[in-house]
Every structure is written in C-alpha cells, then in structure tokens.
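Participant: Sequence below, structure please.
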Amino acid sequence: MRFMCVGDSMTIGRAGDFTWRYRMWQHLSMTFDGPFALVGPRTELYDAETGTASSSAYAADFPPAARRHLAGWGEGWLHMAPVIADTVTAHRPDVLLVSLGLIDLGFYTDSAQTAENARAFLTAAREANPHIRCVLLPVIPNIRAETDAPFAAECTRFNELLAKAVADLDTSTSPLLLASHPATYDIHTDTYDGTHPGPTGEHHLAAAFADALHQAWGVGGAYAGVATATA
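Facilitator: Purely as a prediction, here's the structure:
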C-alpha cells in the first residue's frame, strides 16, 4: 500500500524536526501487515535560514525512501489542487493523508473558497485514480485564533464545510475519511510557536491519521506512540 502525506508547513516540517510523517512511518513499520511505502515528489524539510525547502536535517534516522511527501511551507489547498492529479499519476498513491487549510484561511482564501479548493483537489485526485482513498484532518486553529475572532470563526466554518464535502463526496469506490481533531492537542505545549508541532504534537497528528485508518478500514493498528515523549 502506498501512502502520500499532503500538507503545509505542519507536514513538511523544518530542519531539525522529526515530523509527523516520521511518526507515521514508525507506526506503519510496527503495525502494518504487509509492504508499504510513503511516496511523493519531495523529500526535503524547510530551511528557515534560506527560506527554501532544501534541508535533509531530520532529527532522526529517517530512511531517504520514506521521506517522500507532497508538502510545502506556505502551501495550501490553493496550491495543491492544481498539482494533485499529475502527482497521483506519477507516484501512484493508494491513500492520501491530507492536512491542509490553515495557511489558506490565514493568507489566501476565505472558508467557502478554501472548501471549494478542497473539493477541486479531491475531484482531481480521483481523475488520476478513481479508487484513491483519502483521510483528511480538520484545521487545528493556531494561536492567532485566540485573539482574532473572525479568523477563529473561519476555521470553524471551514471545518464544517470540509465535513460536508467528505459526506457529499464519499463513495464506496473512493472512500473519504474525516479524521478526528486530536482530543488533547494543546497549541501551547504541543507546538513550538503556537502553530507548528513539536515532538508531542507530531505524535498527536500521526495518531489522528493512524487511528482513522485503523478504525474505519482496518489499516495498521491503533496508534501506540507515546504522545508525552520529547523525542
């Protein structure tokens, strides 16, 4: 089974991070019964010093072949919808693990436009693979939402629209899952800046995807990572 992680800065990670992609690879290595691969056109982390996605300085021994992804610092549904069909065709994922939306709402599009871009993304992915499966993570409001009420409202509204899109577009041949918001995720302790996950946050995000896969489709096992770990 071929998995592709799709996301923004929370998914690509920065130089020195483990990333939730690494936590997911660890989890699948321990629980998935059969061969699997993480696929995608990119392998790098974001390098804050150069402002480019050019770093290979992962915090752990992450095998190069497992580092593959489709994620970008500052990229959202707006950016991924136009490229997902070609990416699916080229890299042949069976399952997309998608965490997008916060950067869109923060800088590019309102909740309605962002939801339309999400629908366009899913439509394009299915054009490339009519049997593709997708697990989508709701937006986790960041520290800005604590003081910016209109932005917080847009995050809430987008999550409602995303849930509706999943309900509307889910089919037996190309099933969609809406992962649960990590119940104990705390932006003050699970991120390093109120937005981007630190080690515990990475575990929480990986667990959201892993538990959705396991509970709905029997893929892998329940997430057993230690969410209080620091490494």
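Participant: ok, now which ones touch the spatially most central residue of the chain?
Facilitator: Central residue of the chain (Cα atoms, centre = their mean): S99, 2.9 Å from the mean position. Contacts for S99 (Cβ atoms under 8 Å, 6 or more residues apart in numbering) come out as C5, V6, G7, D8, M10, T11, L136, L137, L205. C-beta here means a position set from N, CA and C on the backbone, and glycine is covered the same way.
Participant: what's the burial count for the fifth one?
Facilitator: Counted with other Cβ atoms under 10 Å, the burial measure for M10 works out to 24 neighbours.
Participant: Tell me where this structure has strands.
Facilitator: For the chain, the strands defined by DSSP state E occupy 2-7, 37-38, 45-47, 52-55, 70-71, 95-99, 133-136, 176-178.
Participant: For these, please prepare TSV with the additional fields distance to T109.
Facilitator: Shown next, in TSV, are these (distance: least, Cβ to Cβ, whole Å):
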stretch	distance to T109
strand 2-7	16
strand 37-38	28
strand 45-47	22
strand 52-55	22
strand 70-71	18
strand 95-99	16
strand 133-136	17
strand 176-178	20
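Participant: Need phi/psi at the residue lying closest to H204 once chain neighbours are set aside.
Facilitator: Spatial nearest neighbour of H204, chain neighbours left out: P182 (4.0 Å); criterion: Cβ to Cβ, 6 or more residues apart in numbering. With angles defined as degrees, to the nearest 10, P182 shows backbone torsions of phi -50, psi 120.
Participant: gap between P182 and I140?
Facilitator: As judged by Cβ to Cβ, to the nearest Å, P182 and I140 stand 7 Å apart.
Participant: Which of the two has more residues huddled nearby?
Facilitator: I140 (24 against 21).
Participant: right, and that one touches H181 too?
Facilitator: Yes: using Cβ atoms under 8 Å, I140 is in contact with H181, at 6.6 Å.
Participant: rewinding a little: for the residue nearest to the centre of the chain, which residues make a bridge with it?
Facilitator: Legend: beta-bridge partners of S99 under DSSP bridges are G7.
Participant: From D33, how far out is it?
Facilitator: Taking Cβ to Cβ, one finds S99 at 25 Å from D33.
Participant: Next: D193.
Facilitator: 38 Å.
Participant: show me the contacts for K164.
Facilitator: Contacts here follow Cβ under 8 Å, 6+ apart; on that basis K164 touches A115.
Participant: where does this protein have low pLDDT?
Facilitator: 226-231 (pLDDT under 70).
Participant: Let me see the ranges of the helices in this protein.
Facilitator: 9-12, 20-31, 77-80, 84-91, 102-103, 111-128, 149-169, 199-217 (DSSP state H).
Participant: Identify the residues contacting the first one?
Facilitator: Right, the one you point to is helix 9-12. 5, 19-21, 42, 44-46, 53, 69, 71-74, 99, 102-103, 195-197, 205.
Participant: Just the C-alphas of stretch 119-126, formatted as CSV.
Facilitator: C-alpha atoms of stretch 119-126 as CSV (Å, rounded to 0.1, in the frame of the first residue of the first chain):
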residue,chain,number,x,y,z
ARG,A,119,-13.4,19.8,-3.5
ALA,A,120,-11.4,20.6,-6.6
PHE,A,121,-8.4,18.7,-5.1
LEU,A,122,-10.5,15.6,-4.4
THR,A,123,-12.0,15.7,-7.8
ALA,A,124,-8.6,16.0,-9.5
ALA,A,125,-7.1,13.2,-7.4
ARG,A,126,-10.0,10.9,-8.4
